Structure formats: structure tokens, C-alpha cells
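S.K.: Model the structure of this input:
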Amino acid sequence: ACVCLSQQRLIWASTLNEPSRVIMSQIGNFDTYAPHDAMVADDPIDFQISATRFPKVNHIVELRKLLMFNGDSEWVVDSASTASGITFETIQARQHSEA
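M.R.: Numbers count the residues shown, from 1 in each chain. Prediction:
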């Protein structure tokens, strides 16, 4: 339902069967969503937000950090490391507020 470009990744969110799922492509390769056997920093990322009432991601906005909005809350997705961008090791999704 949602798509966005961030840090050279194509990001999809809210599939029909998994409304809280977020899928990020490999860096610089918008057609690759399957990780390598040995994970590397630019591999695709696949995760779900854990909202309590409305798990569906309705909107994604890139403003230096990735902002995700659903029916009752706002989420900020970014890297836990100040030295690197979002990777499978550094990704963190934090809920900012809840209605």
C-alpha cells in the first residue's frame, strides 16, 4: 500500500496479507529483496512494526529518518549507529506516540 525511497533502498510497506510488514530492497538494487547466505550490510531488510491497535502502515515519509504512520501512532525508523545508515544489524523502529 505504501512505497518510498530512502538511503538508496526501495521500501514497500503494508501488503494485503501482512499490513505491518516493511520490506527494504538491497542498497542500490531495487529488484533484490532476498538476503545473501552470509549477510552483508547492504542486504535487504524485512521487518514488522508491532502496533497494538492498528498494525497497518498507511504512509511512509523520508525526512533524514524514515517516518511511518498508521491509524494510531507514528514510528521513526533509523540506524542505531551514527557511523552508518540502516542495515539489518543497526535498524531500529521506535514508536513516538499513540492515540
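S.K.: what about the helices in the protein?
M.R.: Secondary structure of the chain (DSSP state H): no helices present.
S.K.: Can you pull up the most central residue in it?
M.R.: In the chain, the centroid-proximal residue (Cα atoms, centre = their mean) is Val22; its distance is 4.8 Å.
S.K.: mind checking pLDDT for that one?
M.R.: With respect to pLDDT, Val22 scores 91.
S.K.: Same question for the one 4 residues further on.
M.R.: Per-residue confidence (pLDDT) for Gln26: 91.
S.K.: Apart from its neighbours in sequence, what residue is nearest it?
M.R.: Leaving aside its sequence neighbours, Gln26 sits nearest to Thr32 (Cβ to Cβ, 6 or more residues apart in numbering; 4.0 Å). C-betas here are computed from N, CA, C, even on glycine.
S.K.: From Pro44, how far off is the one you found?
M.R.: Note on Thr32: its distance to Pro44, by Cβ to Cβ, to the nearest Å, is 6 Å.
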